[in-house]
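1. can't give you the sequence, but here's the structure:
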């Protein structure tokens, strides 16, 4: 069994891999001339990158070793406009399980600072799964006319306000 800091270093890889997958999804939508879907996933990619950097900052602040791992190449091709969002939802559900396991590892190791650090990520994953689940329903209904999904994002996309409760990002906000 790995320690909580070791598991956090592993999570850095998962977050960077998620960021890369979101870039690949964004590029797919960009190539399909679906700019709002592309922009949504470019923002998601940056968010996942920032999650990795929050973990890096925490590890440094807690005086733990930081390891910046390589990641596997993302899936770049998709059968239709629904497949990337379905993949994104699978990814978010996997990350939710990873975050829950990290929180459990911190608790099991009596790492109260680590457990507190994970609370924000738990809340964030509820939001991420809900957002991607809703988007999947929209793109499934708009499969034959993806411009309807673009219209939905134009109407409902909203703005990304910075969360003042979010952990600090190593290197500052980007």
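-> Alright, I've got the coordinates. What you see is a predicted model; the values in this text were computed from it and never measured.

2. Going along the chain, name the helices of the chain.
-> Assigned by DSSP state H, the helices in the chain fall at 4-31, 35-61, 83-108, 112-141, 147-156.

3. Kindly reformat those as JSON lines containing distance to residue 162, mean pLDDT and mean neighbour count.
-> For glycine as for every other residue, the C-beta is placed from the backbone atoms N, C-alpha and C. Shown next, in JSON lines, are the helices of the chain (distance: least, C-beta to C-beta, whole Å; pLDDT from 0 to 100; neighbours: other C-beta atoms under 10 Å):
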{"stretch": "helix 4-31", "distance to residue 162": "18", "mean pLDDT": "97", "mean neighbour count": "20"}
{"stretch": "helix 35-61", "distance to residue 162": "10", "mean pLDDT": "97", "mean neighbour count": "20"}
{"stretch": "helix 83-108", "distance to residue 162": "20", "mean pLDDT": "97", "mean neighbour count": "18"}
{"stretch": "helix 112-141", "distance to residue 162": "13", "mean pLDDT": "97", "mean neighbour count": "16"}
{"stretch": "helix 147-156", "distance to residue 162": "20", "mean pLDDT": "94", "mean neighbour count": "15"}
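
4. so which of those helices gets nearest residue 165?
-> The closest of those to residue 165 is helix 112-141. By C-beta to C-beta, the value is 6.1 Å.

5. can you give me the angle that closest one makes with helix 4-31?
-> Interaxial angle, helix 112-141 versus helix 4-31 (axes from the mean of the first three to the mean of the last three C-alpha atoms, to 10 degrees): 20 degrees.

6. before we move on, back to that, out of the helices of the chain, nearest to residue 168?
-> Closest approach to residue 168 among these (C-beta to C-beta): helix 35-61, 5.0 Å.

7. Please name the residues that touch residue 172.
-> If you count contacts by C-beta atoms under 8 Å, 6 or more residues apart in numbering, residue 172 has none.

8. What score does it have for pLDDT?
-> Residue 172 carries a pLDDT value of 73.

9. isn't residue 109 right up against residue 6?
-> No. Contact between residue 109 and residue 6 fails when scored by C-beta atoms under 8 Å: they sit 10.6 Å apart.

10. Enumerate every residue touching the residue most central in space within the chain.
-> Nearest to the mean C-alpha position of the chain, counting by C-alpha atoms, centre = their mean, stands residue 48 at 4.0 Å. For residue 48, the contact set (C-beta under 8 Å, 6+ apart) comprises 15-16, 18-19, 22.

11. Repeat that for residue 153.
-> If you count contacts by C-beta under 8 Å, 6+ apart, residue 153 has them with 36-37, 39-40, 135.

12. try 7 Å this time
-> 36-37, 40 (C-beta atoms under 7 Å, 6 or more residues apart in numbering).
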